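J.: need coordinates for the below:
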Amino acid sequence: MIFWKIFLAFFIPGMLGYGGGPASIPLVSNEVVDTYHWMTITDFSKILALGNALPGPIATKMAGYIGFEVAGILGSIIAIIATVAPSLILLILLLKLLLKYKDSPKVKTMTLLIRPTIAVLLGLMAFDFFHKSYAGAGWLQTFLLAALSLLCLEKFKVHPAFVILGALGYGAFFLGS
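T.: Numbering: from 1, shown residues only. The predicted structure follows:
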């Protein structure tokens, strides 16, 4: 039964997450944190940060890790398959249709209209992460990390992976319990 739940937890976001990994992250968070209670939002945010620091697609990295945490190696394999299956199935079945309508103004308009929804979902998730962060680390630490991250990213053009690694190191050194 746990393997079926793992499959559904990653297949459903894969089906509904139009736009790839970033669009499906809030949906995965809902399944993993709210529906099945396999982890807290804090744990999920740590996995998201670690996944962003590693190369490759974020959705499959998160699925592999969460599946492993919940049900070992088989859970990891099932979660990864469930993550890529919707795209693979739709690509195979709809390839001719996709090629026929790829330049359609209606398809382009639909894509433009979905972007704000994805932005709102990511914004809500970021707000939830921020709320949990300041609750656990305090306003000063949260503000300091946010300001330093913004400075590194925007002024010094540091790669986001290094900013994430720096924040992880800071948290481990100064905030670790």
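J.: distance from the longest helix belonging to the chain to the middle of the chain?
T.: As assigned by DSSP state H, the longest helix anywhere in the chain is helix 58-101. On the basis of Cα atoms, centre = their mean, to the nearest Å, helix 58-101 sits 14 Å off its chain's mean C-alpha point.
J.: okay, the angle between the helix or strand following that helix and helix 58-101?
T.: Once the chain leaves helix 58-101, the next helix or strand it forms, by DSSP states H and E, is helix 105-137. Put simply, helix 105-137 runs at 170 degrees to helix 58-101, going by axes from the mean of the first three to the mean of the last three Cα atoms, to 10 degrees.
J.: helix 105-137 packs against which elements?
T.: Counting contacts by 3 or more Cβ pairs under 8 Å, 6 or more residues apart in numbering; DSSP states H and E, helix 105-137 packs against helix 21-29, helix 41-53, helix 139-150. (Glycine included, C-beta is placed from N, CA and C.)
J.: okay, these, which one's buried deepest?
T.: helix 21-29 (a mean of 22; mean count of other Cβ atoms under 10 Å).
J.: mean pLDDT for the helices and strands packed on helix 105-137 - can I get that in TSV?
T.: Compiled in TSV, the helices and strands packed on helix 105-137 are given as follows (pLDDT from 0 to 100):
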stretch	mean pLDDT
helix 21-29	85
helix 41-53	89
helix 139-150	90
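J.: circling back: mean confidence score for the longest helix of the chain?
T.: Taken as a whole, helix 58-101 has a mean pLDDT of 90.
J.: so what secondary structure elements neighbour it?
T.: helix 2-16, helix 21-29, helix 41-53.
J.: related to what we said a few turns ago, specify the stretch among the helices and strands packed on helix 105-137 that is closest to residue 112.
T.: helix 21-29 (14.0 Å; Cβ to Cβ).
J.: what packs against that closest one?
T.: helix 2-16, helix 41-53, helix 58-101, helix 105-137.
J.: mind checking those for the one nearest to residue 165?
T.: When these are compared by Cβ to Cβ, helix 41-53 sits nearest residue 165, at 5.6 Å.
J.: okay if I get the helices and strands packed on helix 58-101 as a markdown table plus distance to residue 133?
T.: Below are the helices and strands packed on helix 58-101 laid out as a markdown table (distance: least, Cβ to Cβ, whole Å):
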| stretch | distance to residue 133 |
| --- | --- |
| helix 2-16 | 23 |
| helix 21-29 | 15 |
| helix 41-53 | 8 |
